[in-house]
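K.L.:
Okay, sequence plus prediction incoming.
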Amino acid sequence: MSQMSSSQHSQIASVNVTNLVQQFEQRTLFSVDSLTFRQGDVIYLQGDNGTGKSTLMKILAGLLKPTQGKLIATGFDKSAWWHTNSLLGKAVYLHQHPYLFDGSVRYNLTYGLSRRELQQPTISQRLHQAIEMAQLSQLLDHSASNLSGGERQRLAIARAWICQPKLLMLDEPISNMDKHSQKLVLAMINLLKMQGTGLLISSHQTCGLTALCQQHWHINHQKIHTSQHVPNLDTQQDNLAMEPSYVLAK
Ligand SMILES: Nc1ncnc2c1ncn2[C@@H]1O[C@H](COP(=O)(O)OP(=O)(O)OP(=O)(O)O)[C@@H](O)[C@H]1O
């Protein structure tokens, strides 16, 4: 658990799923009896390609109805009456190729902020910090559609940072990023952690990210295994790197 005040603890937000089974066309992707993602958790989600990491995140975000299972979100403000899906907007899912609006970087950062219950000075302060942290000041008036992949990711995380969701799921947040962007994003993720945002992070690059995590969810053999211990995955990767991948024919 990260640092949270006692008032935050009294209303910890969480998403819980029980008896979850996900299938696509008769193929079982994964199943688990019970899984809870809470504010303050920092979880590393591991799994080989195609095991269902993104699918699990979409289910927890209310974007995908699972084949079987019951989802409950607690500790959030009540959804507006016109929201037919009460899970949407609770645990926020950040896609590895984030969706951005047409318009400038500034527009993308500020869109929807005025409709939140935030005071103007708070909005301005968060906006300023986000621009600094993600080093977007030179790009504010650029069209978001012209940004590089790494810049798009930085913008998307900066936007999430401004909104400060209680639960945030980051799907491959540092994939295809150079070292500089990775450092900026890791710093932002660390700040979200310090502020008590629940984080569920998937990545194939373990360096730096796993060090931030305190729990481990592993999708393996169609099951989701949970542990309070994050294994030293860098060592596993180093071993892999030392194995000869092919033998040259003489
Ligand atoms: N809507 C869908 N209909 C049918 N199959 C789907 C659907 N969505 C995902 N799948 C399949 O489910 C499997 C898991 O996909 P998912 O994107 O969740 O995996 P992942 O673990 O995030 O993979 P990666 O590490 O490559 O990003 C894949 O085989 C994918 O093709």
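P.N.:
Great, that's in hand.
K.L.:
Who's the closest spatial neighbour of Ile157, skipping the chain neighbours?
P.N.:
Spatial nearest neighbour of Ile157, excluding adjacent residues (Cβ to Cβ, 6 or more residues apart in numbering): Met188 at 5.2 Å. Yep, even glycine has a C-beta here, placed from its N, CA and C like the rest.
K.L.:
if I read this right, the one you found contacts Ala156, doesn't it?
P.N.:
No: proximity of Met188 to Ala156 does not meet the contact threshold set by Cβ atoms under 8 Å, at 10.5 Å.
K.L.:
Pick out whichever of these two has more residues nearby.
P.N.:
Ala156 (24 against 21; other Cβ atoms under 10 Å).
K.L.:
Secondary structure of that one: a helix, I assume?
P.N.:
Yes: under DSSP: H, G, I helix; E, B strand; the rest coil, Ala156 falls within a helix.
K.L.:
contacting residues for it?
P.N.:
Neighbouring residues of Ala156 by Cβ atoms under 8 Å, 6 or more residues apart in numbering: Leu94, Pro98, Leu100.
K.L.:
right, is the helix or strand Thr18 falls within up against the ligand?
P.N.:
Secondary structure from DSSP states H and E places Thr18 in strand 14-24. Yes: residues of strand 14-24 contacting the ligand under Cβ under 6 Å from any ligand atom: Phe24.
K.L.:
Let me see the mean pLDDT of that strand.
P.N.:
Per-residue pLDDT over strand 14-24 has a mean of 97.
K.L.:
repeat for stretch 227-240
P.N.:
On average, stretch 227-240 scores 68.
K.L.:
hmm, back to that, next SSE downstream of the strand holding Thr18?
P.N.:
strand 27-38.
K.L.:
Name the residues that touch the helix or strand following that next one?
P.N.:
Per DSSP H and E, the first helix or strand lying C-terminal to strand 27-38 is strand 42-47. Here strand 42-47 makes contact (Cβ under 8 Å, 6+ apart) with 2, 37, 53, 56-57, 193, 198-203, 206, 209-210, 212-220, 230, 233.
K.L.:
re earlier: confirm the residue nearest to Ile157 sits in a strand?
P.N.:
No: assignment of Met188 by three-state DSSP gives helix, placing it outside any strand.
K.L.:
which ones are touching it?
P.N.:
Met188 touches Met133, Ala134, Ile157, Ala158, Trp161, counting by Cβ under 8 Å, 6+ apart.
K.L.:
Let me know the distance separating it from Gln96.
P.N.:
16 Å (Cβ to Cβ, to the nearest Å).
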